[in-house]
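Engineer: Structure, please.
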Amino acid sequence: MLSILQSEWFKLRKSKIMSIIFAGPIIGLFIGLTPNFPNIDVEVNEWYLSLLSMNLIYALLFLPLITGVLASVICRYEHQAGGWKQLLASPVTRGRVFIAKYVILMILVLVVQLLYLGAVYVVAMMKGFIDPFPIEIVRKSIFGGWVATFPLVALQLWMSILFKSFAAPFAVNVIFTLPSILAVNSERFGPYYPWAQPFSMMYIGGNTDDVFFVPWDQLLSVVGGSFILFFLGGYLYFQRKTV
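Structural biologist: Presented below is the predicted three-dimensional model:
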């Protein structure tokens, strides 16, 4: 397994993966530096206000989309010049290849999340926040958002193995990501829509009266259930894939 992980990382180093990883945090940084809720009269921690405005674009749109881009990149090499045949002709099992690619993708998404945390901190320093840093941002927003991508990464890896075209899995991701803007405002569909889960889990709000509030136990059950479905679907498809 370690040799497969090293091989996957070596292939990624030849791609433009770094520009993709830094894109989201940079976008969040620019959004955070714009004026946020200037007319609000309620006393709220400055960190929360800044994070909420940044999450509206980052967690709602960019984070779900980046899973598709990264998954397409990690499978791009195999789709060129019979790469799947060359890979599977080596003494490795298909299951280990699928798991290795998934692990690499989750590590990359975690790196993106940590860079986004750095962007939040830079925004706070440049704006001169005096409120104490809430550790809930790290626990719920950063790592919670990362956990919410588990099923999306599994699905996008499945789609990237299925389609040879780089654009096809990304187009599928876009089609299902855009409705999440409406889904998060729905008490009926929002808690169960996979592409809305990153925003729901990254949302900092402890009151049940909040517009976007979804209980954590419900979120985790939905994320866990969809992860099992998408991961097993992709795993079983790859086991039967003809190359």
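
Engineer: Thr34 and Met126, how far apart?
Structural biologist: Separation of Thr34 from Met126 (C-beta to C-beta, to the nearest Å): 12 Å. Heads up, the C-betas are built off the backbone N, CA and C, glycines and all.

Engineer: Could you list the buried residues of the worst-scoring helix or strand of the chain on mean pLDDT?
Structural biologist: Least confident helix or strand of the chain, by mean pLDDT, DSSP states H and E, is helix 2-13 with a mean of 73. Within helix 2-13, the residues that count as buried by 16 or more other C-beta atoms under 10 Å are 4-5, 7-8, 11-12.

Engineer: what's the following helix or strand after that helix?
Structural biologist: helix 17-32 (DSSP states H and E).

Engineer: list the contacts for the closest residue to Ile27 other than its chain neighbours?
Structural biologist: Once flanking residues are discounted, Ile27 sits nearest to Phe62: 6.1 Å by C-beta to C-beta, 6 or more residues apart in numbering. For Phe62, the contact set (C-beta atoms under 8 Å, 6 or more residues apart in numbering) comprises 23-24, 27-28.

Engineer: Could you identify the most distant pair in these?
Structural biologist: Ala23 and Gly28 (9.8 Å; C-beta to C-beta).

Engineer: The two: which is more packed in?
Structural biologist: More neighbours surround Gly28 than the other of Ala23 and Gly28, with 28 against 16 (other C-beta atoms under 10 Å).

Engineer: Verify the stated contact: that one with Tyr121.
Structural biologist: No. Contact criterion C-beta atoms under 8 Å: Gly28 and Tyr121 do not qualify, at 11.2 Å.

Engineer: So, low pLDDT: which residues of the protein?
Structural biologist: For the chain, the stretches with pLDDT under 70 are 1, 14, 35-44, 81, 205-216, 218, 243.

Engineer: Return the list of helices and strands in contact with the longest helix along the chain.
Structural biologist: Counting by DSSP state H, the longest helix found in the chain is helix 94-127. Applying 3 or more C-beta pairs under 8 Å, 6 or more residues apart in numbering; DSSP states H and E, we find helix 94-127 packed against helix 2-13, helix 17-32, helix 46-57, helix 63-76, helix 83-89, helix 143-148, helix 150-162, helix 216-240.
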